[in-house]
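>>> Compute the structure for the input listed below.
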Amino acid sequence: MAETLLWILPLVPTATALAMLTTRDRRILSAIDVGSSAVLVALTLALAREVEAGGPRSLGVLRVDDLGLVFLLLLVVLTLAVSIYTVGWLRQAVAVGNMNAGTLHFYFALVHAFVATMVVAVLADNLGVLWIAMEGTTITSAVLVGFHGHRYGLEAAWKYIIVTTIGISFGLFGTVLVYAAAAAVQGGAGAMSWSAIMQVAPALDPSIVRIGFIFVMIGYGTKAGLAPMHLWLPDAHSQAPTPVSALLSGVLIKCALLGIIRFQTIAAAACGAAFTEEVLLVFGLISIVVATPFILAQRDLKRLLGYHSVEHVGIVALGLGFGGTVGTYGALLHVVNHGITKALAFFAAGTAIARYGSRDMRAIRGLLAVAPIGATFLMLAALSLAGMPPFSIFVSEILVLRGGIGHAHWVAIGIFLAMVVVIFAGLLHHAGAMAFGRPSAAAGRESEAWTPLLAMLLLAAIMVLLGISIPASVDGLFRRATEVVVG
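Below is the predicted model:
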């Protein structure tokens, strides 16, 4: 059963992408979109039960374990939320001319092709297939970034292609080096399989693996948005259609993080955990420090959220760099918490932008009076991103902090806390200024569509639940995933 699900999972969005090309009716397209995403969630839940009962499952170059399952569940939940959100968002976007009704079938086809490549990236056991899938996400998502067709969107798409393609080429070189080290031990059989490499990882040449991991950090770190390779991320997030921005920030950069973690486990076994932790610690701190001034000075709402992705990806890297069970658990939990919260933030931002016709936060005032429900969700997402209790990000940040304290990384902890306090103040200033005050004359006052509100309610409920009390089944999954990473 589980093996069958492994090949069906990527087939579902692929078949959906092809089906989207057969009709141009917006309602039919939206129905197929939501239905396919719901099927993907149901299949993933069935696969999760199989893995919990029988352990990791493999089928050719595809494999799922508890670590991959964390990322897969995040992917399918956000895909469903995006599909629900898109129904109402698309109606408004077509009405005001932001989306062309004649090209909607291409848009939906590209979205599901994008989802298919991310599913393959998460399920890939073969490191070469992982790289190909990550390159595939670039091709599909770059077209979506520039889908509006205006100048700035096309510039962002080209910048995204150029930066990430150059970056991912470093990832390919790192993959080749790890393959060479594994082939020298295994004789070529299974030298590209992550699970097979892990069985012989302690015997690999540490000097080759060490160089390979650094190249992988640069390559996959570019796609993850780690500074200083993050240059594509704020532009792509700000110019893409809002549902695509949610997928880019909520899922795509997490797929790249999974690639880094896969190679981290190999390098830690071959070179010692201290080496990988130092590299991750450096990249994590750089990302948090670099993002801070841009968050404070930002005026574009979606670019602000883009720089917050740089910050929070840095926090994940910091947790992995602190290492140990607590730090790693906190990092994996932060992957999910940030993905859920950031998608909610982009959804709420889309509501604000639609009402005011601008991404400039100086033009968005009095949102609570204009769109009270959307403004409430925006404030909730902002409070969570700022690390306020009882929201989910507070929990994972505390766990990351505990991981650092447990290993006495006092300098890193000091820098982390200083940046978090500054970002907290800056984000609350931005969010408060948009939510309160007198609405500008440009603010629209039409009723809020119910499907975007439903999508935001779904994500907000998950965000609060993970902040108040993590369910036992979810906690068990994260504990098992942590064991995969720490060994």
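>>> Let me know the next secondary structure element after the worst-scoring helix or strand of the chain on mean pLDDT.
Of all the helices and strands that make up the chain, helix 367-370 has the lowest average by mean pLDDT, DSSP states H and E, namely a mean of 84. Moving toward the C-terminus from helix 367-370, the next helix or strand (DSSP states H and E) is helix 372-385.
>>> buried ones in that following helix?
Neighbour-count burial for helix 372-385 flags 373-385 (criterion: 16 or more other C-beta atoms under 10 Å). (C-beta placed from N, C-alpha, C; glycine too.)
>>> Name the next helix or strand downstream of that helix, please.
For helix 372-385, the succeeding helix or strand toward the C-terminus, using DSSP H and E, is helix 392-406.
>>> returning to that earlier point: so what does the least confident helix or strand of the chain touch, helix or strand wise?
helix 324-356, helix 372-385, helix 410-435 (3 or more C-beta pairs under 8 Å, 6 or more residues apart in numbering; DSSP states H and E).
>>> hey, C-alpha coordinates of it in CSV?
The C-alpha coordinates for helix 367-370 follow below in CSV (Å, rounded to 0.1, in the frame of the first residue of the first chain):
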residue,chain,number,x,y,z
LEU,A,367,-7.2,48.1,7.7
LEU,A,368,-9.3,47.0,10.7
ALA,A,369,-12.0,49.4,9.6
VAL,A,370,-11.9,48.3,6.0
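>>> Going by neighbour count, list what's buried in it.
By neighbour count on 16+ other C-beta under 10 Å, the buried set for helix 367-370 is 367-368, 370.
>>> got the residues you listed as CSV, with distance to Met229 columns?
As requested, the buried residues of helix 367-370 are exported to CSV (distance: C-beta to C-beta, whole Å):
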residue, distance to Met229
Leu367, 34
Leu368, 38
Val370, 38
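>>> ok, Met379 to Ser195 distance?
44 Å (C-beta to C-beta, to the nearest Å).
>>> just for the stretch 351-487 of the chain, where's the confidence low?
Flagging of the stretch 351-487 of the chain using pLDDT under 70 yields the residue ranges 440-448.
>>> again, only using 80
Applying pLDDT under 80 to the stretch 351-487 of the chain flags residues 437-449.
>>> do the chain as well
Using pLDDT under 80, the chain drops low at 1-3, 96-97, 149-150, 187-191, 437-449.
>>> Break down it into its strands, ranges please.
Applying DSSP state E to the chain gives strands spanning 57-59, 62-64.
>>> Among these, which comes closest to Met99?
With C-beta to C-beta as the measure, strand 62-64 is the member of the strands of the chain nearest Met99 (34.4 Å).
>>> any idea how far the closest one is from the chain center?
Computed by C-alpha atoms, centre = their mean, to the nearest Å, the separation of strand 62-64 from the middle of its chain amounts to 20 Å.
>>> which helices and strands sit right next to it?
Identification of packing neighbours for strand 62-64 by 3+ C-beta pairs under 8 Å, 6+ apart yields helix 2-20, helix 104-123.
>>> Make TSV from those helices and add distance to Phe391 to it.
TSV is the format used below for the helices and strands packed on strand 62-64 (distance: least, C-beta to C-beta, whole Å):
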stretch	distance to Phe391
helix 2-20	30
helix 104-123	26
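>>> can you redo those helices as JSON lines with distance to Leu75 and mean neighbour count?
Shown next, in JSON lines, are the helices and strands packed on strand 62-64 (distance: least, C-beta to C-beta, whole Å; neighbours: other C-beta atoms under 10 Å):
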{"stretch": "helix 2-20", "distance to Leu75": "10", "mean neighbour count": "18"}
{"stretch": "helix 104-123", "distance to Leu75": "6", "mean neighbour count": "24"}
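>>> Relative to Leu29, tell me which of these wins on proximity.
Of all the helices and strands packed on strand 62-64, helix 104-123 comes closest under C-beta to C-beta, at 5.0 Å.
>>> and the angle for that closest one with helix 2-20?
For helix 104-123 against helix 2-20, the angle by axes from the mean of the first three to the mean of the last three C-alpha atoms, to 10 degrees is 160 degrees.
>>> Mind giving me the packing neighbours of helix 104-123?
Against helix 104-123 (3+ C-beta pairs under 8 Å, 6+ apart) you get helix 2-20, helix 26-54, strand 62-64, helix 66-96, helix 127-145, helix 242-247, helix 253-271.
>>> Check the offset of it from the chain's centre.
14 Å.
>>> i'd like the first residue to be 40 from this point on
All right, first residue 40 from here; so that's helix 143-162.
>>> Point out the one among the helices and strands packed on strand 101-103 that comes closest to Val375.
Taking those one by one with C-beta to C-beta, helix 143-162 is closest: 13.1 Å.
>>> how big is the angle separating that closest one from helix 65-93?
Relative orientation of helix 143-162 and helix 65-93, computed by the same axes, to 10 degrees: 10 degrees.
>>> got the angle between helix 143-162 and helix 166-184?
Interaxial angle, helix 143-162 versus helix 166-184 (the same axes, to 10 degrees): 150 degrees.
>>> Restricting to C-alpha, output helix 143-162 in PDB.
C-alpha atoms of helix 143-162 as PDB (Å, rounded to 0.1, in the frame of the first residue of the first chain):
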ATOM      1  CA  LEU A 143      -6.000  30.900 -16.100                       C
ATOM      2  CA  HIS A 144      -5.600  27.300 -17.300                       C
ATOM      3  CA  PHE A 145      -1.900  27.900 -17.800                       C
ATOM      4  CA  TYR A 146      -1.700  29.400 -14.300                       C
ATOM      5  CA  PHE A 147      -3.300  26.400 -12.700                       C
ATOM      6  CA  ALA A 148      -1.300  23.900 -14.800                       C
ATOM      7  CA  LEU A 149       2.000  25.600 -13.700                       C
ATOM      8  CA  VAL A 150       1.000  25.700 -10.000                       C
ATOM      9  CA  HIS A 151       0.300  21.900 -10.000                       C
ATOM     10  CA  ALA A 152       3.500  21.200 -12.000                       C
ATOM     11  CA  PHE A 153       5.300  23.200  -9.400                       C
ATOM     12  CA  VAL A 154       3.700  21.200  -6.600                       C
ATOM     13  CA  ALA A 155       4.600  17.900  -8.400                       C
ATOM     14  CA  THR A 156       8.300  18.900  -8.500                       C
ATOM     15  CA  MET A 157       8.300  19.700  -4.800                       C
ATOM     16  CA  VAL A 158       6.600  16.400  -4.000                       C
ATOM     17  CA  VAL A 159       9.400  14.600  -5.900                       C
ATOM     18  CA  ALA A 160      12.000  16.700  -4.100                       C
ATOM     19  CA  VAL A 161      10.600  15.700  -0.700                       C
ATOM     20  CA  LEU A 162      10.300  12.000  -1.600                       C
END
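>>> Can you give me the neighbour number for the nearest residue to Val375 once chain neighbours are set aside?
In space, and not counting its chain neighbours, Val375 is closest to Leu113: 5.2 Å by C-beta to C-beta, 6 or more residues apart in numbering. Leu113 is flanked by 22 other residues according to other C-beta atoms under 10 Å.
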